[in-house]
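Trainee: please work out how this folds:
(2 chains)
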Protein chains: 2
Amino acid sequence: MIRFCGLAIALTLVVPQDVDRAAHHEFVIDNFRTESGVVLPKARIVYGTYGHLDAARDNAVLLPSHYMATHHGYEWLIGSDRALDESKLFLVATELFGNGHSSSPSNTPEPFHGPRFPVTTIRDNVDAVHRLLTEDLKITHVRAVIGFSMGAQQAFQWAVSHPDFADRIVATAGTAKTWPHGVVRLEGQIAALTADPAFNGGDYASPPRKGIEAYGMVWLGWLYSQEWWRRELWKTAAPDRTLDQEIENRRRTFFANNDANDLILQARTWQRHDVGATPGFNGDLERALRSMKAPLLYMPSETDLYFPIGDARFEAQFIPRVSLVPIPSLWGHPAGAGGNAADRAFLNEKIGRFLAERQPSAR
Amino acid sequence: MIRFCGLAIALTLVVPQDVDRAAHHEFVIDNFRTESGVVLPKARIVYGTYGHLDAARDNAVLLPSHYMATHHGYEWLIGSDRALDESKLFLVATELFGNGHSSSPSNTPEPFHGPRFPVTTIRDNVDAVHRLLTEDLKITHVRAVIGFSMGAQQAFQWAVSHPDFADRIVATAGTAKTWPHGVVRLEGQIAALTADPAFNGGDYASPPRKGIEAYGMVWLGWLYSQEWWRRELWKTAAPDRTLDQEIENRRRTFFANNDANDLILQARTWQRHDVGATPGFNGDLERALRSMKAPLLYMPSETDLYFPIGDARFEAQFIPRVSLVPIPSLWGHPAGAGGNAADRAFLNEKIGRFLAERQPSAR
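Mentor: Residues are numbered from 1 along each chain as shown, chains lettered A, B, ... in the order given. Reported below is the predicted structural model:
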């Protein structure tokens, strides 16, 4: 049983996690060359699968994970009454480098242990998963890539790096580039963690608990919308909990079980993302966005403070076959992962319909 | 010459600070009893004045300061071509407890030095300034109270505690209550500062530099809107500066000259603000808002991440004679202090017109 971490705290409302619905796998790549030029002797991608690959090998859907998530992160979309029916589809849910299961600072031997693990990019993750799909699973085409948050970043990268690989792209609460505010937000969180000298440049003997606590507390301010807080929507899960209790509960638990170097590695991966930096596009984001071929369902949350709707609108204007469908929610970022019943219903309905369309229209 | 600090970094664009335009004063209250019950033997309020009190003592305007600001914080509103003409008005610009000049953790002797300084509330500040005005300056009525941010919190408190004292109330980029998100945001910043063990529970021998740096970096994420960052509006001040340079410049300078206990004290003052907690209202915010008598110009910034426009709209519905005039700006919180030329012009025009109206209409 894989332990849940990170944002999954917000999602434990969604799906009971006491049964592992996925089959659990690993794929190892020897001598994986990262975009930064570092060669990892063994790069491991952990992933889960749901359902069965059909004989034609053409019923796969790829679900790349979000920040610190496991392959369970999309179970709110999976079921016979939901967008992804595992009795018909073969779902491949991959885990990002740095989550503590796939190759990470915390689980890689020297010379790449801890702070010496290379900063893997979203493109590195997409490259590794492309090899997993084509070499290990012999899948050369998928029905869709569907991603939330850093999963959306991967979905956008798939659309640019492998424009013919997927019939559809779905991106919820994530953008094709980490805009400067996202860089600054994450920099503040990293500054909070590393203000704890127990971090010791990443070579800590025991976890820098105070720093991780600060990291989580800072993160918490960004997670939901300000109106979510004014309306006290934490009471959806805990009706009797006061604000002070909610804060102290989060302080104790948010990211508490994650490794500090892993937390920072994935934040660095996030900060650097820009599909415009894909080889061949020479930093031209607009041209990279225009190169996307598959119909793309772009679903920002109306109240997301990480990936604000203005950034999504800006990007969407350049994507040829985009449907921009904002999620009407007060739940901020987690709205993009079905953080509550209404958002789950909305996303399942819109994504299900989008996947079922014969030929989604251009804008 | 008083050193500028805090948010003033964002405002150095606005007014050259090399000439002190204000006359500089102090007012000392013996045995000042704070709302928490602690009695400060000497409570000092530092303030600046502009212009002259007329013989009838009825041309005063009160300008209470914002977070860590000095009495210079409103000079963008002052001038013969601006909302506040010091040749006609007598402007009293007061400094909040905890800014390092008025009584603060950093400048108060034991038994109230450093972390032992009581958490002064916005009401404590209003009470002290009420005594300054009535006892020291013999002013029993002002034309207006005008406040930005924590200054707006004070303006709202004046409207509840002393409803007949001011002809007009102006609140820019600040609310009558710190809603839960504001509490969480500030808690994250305090967690970042105190993750540095050099803070030592407030009894530091030398400044916890790393913690203050983290505090500033976290704060920076909240200061401007996400779109401000996407459009790279820092280049308004520094056209050649890259994002990395902007981040590193802020990391080095933001709050760097402030005392850590002072920073935390004012954050705690901010967190606790709620006009509904005024004695006599028994925690009933709505009743406190309904009790306001003076015409009130309520100017949230459309993109403020501290005091979001939704919270302002919520409060405004209960204020009898409110004019809700959002500031159309991408500058987030500093828009409420005229953080750029367009916002300055907008605020001066709206505030000037509001102050000049003979009888502002009820909604």
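
Trainee: dig out what residue A:172 forms beta bridges with.
Mentor: residue A:148, residue A:299 (DSSP bridges).

Trainee: same question but for residue A:142, I mixed them up
Mentor: Going by DSSP bridges, residue A:142 forms beta bridges with residue A:166.

Trainee: now swap in residue A:92 and tell me
Mentor: residue A:49, residue A:62.

Trainee: hang on, isn't it packed against residue A:51?
Mentor: No - counting by CB atoms under 8 Å, residue A:92 does not reach residue A:51; the two are 9.7 Å apart. Where C-beta positions appear, they are placed from N, C-alpha and C, glycine not excepted.

Trainee: these two: who's more crowded?
Mentor: Shown here are residue A:92 and residue A:51; by other CB atoms under 10 Å in any protein chain shown, residue A:92 has more neighbours (27 against 20).

Trainee: spell out which residues of the stretch 251-363 of chain A are next to chain B.
Mentor: Residues of the stretch 251-363 of chain A found near chain B (CB under 8 Å from any CB of the partner chain) are A:251, A:305, A:308, A:310, A:311, A:314.

Trainee: what does the stretch 51-200 of chain A give?
Mentor: Counting by CB under 8 Å from any CB, the stretch 51-200 of chain A sits next to chain B at A:179-185, A:187-189, A:191-197.

Trainee: so which of these are in helices?
Mentor: Using DSSP state H, the subset of these located in helices is A:180-185, A:187-189, A:191-194.

Trainee: show me which of those residues is closest to residue A:224.
Mentor: Among those, residue A:185 lies closest to residue A:224 (CB to CB), at 14.3 Å.

Trainee: give me the number of residues near the closest residue to that closest one other than its chain neighbours?
Mentor: Computed as CB to CB, 6 or more residues apart in numbering or on different chains, the closest residue to residue A:185 that is not its neighbour in sequence is residue B:221, at 4.3 Å. When neighbours are counted by other CB under 10 Å, residue B:221 registers 26.

Trainee: pull out the buried residues from the helix or strand harbouring residue B:221.
Mentor: Using DSSP states H and E, the element containing residue B:221 is helix B:209-223. For helix B:209-223, the neighbour count (16 or more other CB atoms under 10 Å in any protein chain shown) marks B:210-223 as buried.

Trainee: can you mark which positions in stretch A:297-315 are buried?
Mentor: So for stretch A:297-315, counting by 16+ other CB under 10 Å, buried means A:297-312, A:314-315.

Trainee: and the strands in the stretch 1-150 of chain A?
Mentor: A:23-33, A:39-50, A:60-64, A:90-94, A:142-148 (DSSP state E, counting those that start in this stretch).

Trainee: can you redo the ones you listed as a markdown table with mean pLDDT?
Mentor: Shown next, in a markdown table, are the strands of the stretch 1-150 of chain A (pLDDT from 0 to 100):
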| stretch | mean pLDDT |
| --- | --- |
| strand A:23-33 | 97 |
| strand A:39-50 | 98 |
| strand A:60-64 | 98 |
| strand A:90-94 | 98 |
| strand A:142-148 | 98 |
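
Trainee: need those in CSV (columns: distance to residue B:23).
Mentor: Shown next, in CSV, are the strands of the stretch 1-150 of chain A (distance: least, CB to CB, whole Å):
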stretch, distance to residue B:23
strand A:23-33, 68
strand A:39-50, 67
strand A:60-64, 63
strand A:90-94, 67
strand A:142-148, 58
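
Trainee: closest to residue B:240 out of the ones you listed?
Mentor: strand A:23-33 (35.0 Å).

Trainee: just checking, what packs against the closest one?
Mentor: Strand A:23-33 is packed against strand A:39-50, helix A:122-131, with contacts defined by 3 or more CB pairs under 8 Å, 6 or more residues apart in numbering or on different chains; DSSP states H and E.

Trainee: out of these, deepest packed?
Mentor: Stretch with highest mean neighbour count among those: helix A:122-131 (a mean of 23; mean count of other CB atoms under 10 Å in any protein chain shown).

Trainee: could you dump the residues of the stretch 251-363 of chain A next to chain B into TSV with pLDDT and secondary structure added?
Mentor: Output for those, formatted as TSV (pLDDT from 0 to 100; DSSP: H, G, I helix; E, B strand; the rest coil):
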residue	pLDDT	secondary structure
A:251	92	helix
A:305	98	coil
A:308	97	coil
A:310	97	helix
A:311	98	helix
A:314	98	helix
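
Trainee: residues near the residue nearest to residue A:324 when sequence neighbours are not counted, how many?
Mentor: Distances taken as CB to CB, 6+ apart put residue A:316 closest to residue A:324, at 4.4 Å, once the chain neighbours are dropped. When neighbours are defined as other CB under 10 Å, residue A:316 has 20 of them.

Trainee: what's the spacing between the closest residue to residue A:115 other than its chain neighbours and chain B?
Mentor: Distances taken as CB to CB, 6+ apart place residue A:202 nearest to residue A:115, at 2.8 Å, with adjacent residues excluded. Going from residue A:202 to chain B by CB to the nearest CB, to the nearest Å gives 15 Å.

Trainee: same thing with residue A:67?
Mentor: Residue A:67 is 16 Å from chain B, by CB to the nearest CB.

Trainee: if I look at that residue, how far off is residue A:151?
Mentor: As judged by CB to CB, to the nearest Å, residue A:67 and residue A:151 stand 9 Å apart.

Trainee: pLDDT below threshold where in the stretch 1-150 of chain A?
Mentor: A:1-19 (pLDDT under 70).

Trainee: what sits against the residue nearest to the spatial centre of chain A?
Mentor: In chain A, the C-alpha nearest the mean C-alpha coordinate belongs to residue A:66, at 1.8 Å (CA atoms, centre = their mean). Shown in contact with residue A:66 (CB atoms under 8 Å, 6 or more residues apart in numbering or on different chains): A:6, A:7, A:73, A:96, A:147, A:148, A:149, A:150, A:151, A:174, A:337.

Trainee: swap in 7 Å and give it another go.
Mentor: A:7, A:73, A:148, A:149, A:150, A:151, A:337 (CB atoms under 7 Å, 6 or more residues apart in numbering or on different chains).

Trainee: nearest spatial neighbour of residue A:347, skipping sequence neighbours?
Mentor: Nearest to residue A:347 is residue A:338, by CB to CB, 6+ apart, at 5.3 Å.

Trainee: mind checking pLDDT for residue A:161?
Mentor: pLDDT for residue A:161: 98.

Trainee: correct me, but it touches residue A:125?
Mentor: No - counting by CB atoms under 7 Å, residue A:161 sits too far from residue A:125 to count as a contact (10.8 Å).

Trainee: any idea how far residue A:143 is from the nearest residue to residue A:22 once chain neighbours are set aside?
Mentor: Closest residue to residue A:22 apart from its sequence neighbours, by CB to CB, 6+ apart: residue A:48 at 3.1 Å. Distance, residue A:48 to residue A:143, using CB to CB: 17 Å.

Trainee: can you tell me how far residue A:294 is from chain B?
Mentor: Plainly put, residue A:294 is 25 Å away from chain B if you go by CB to the nearest CB.
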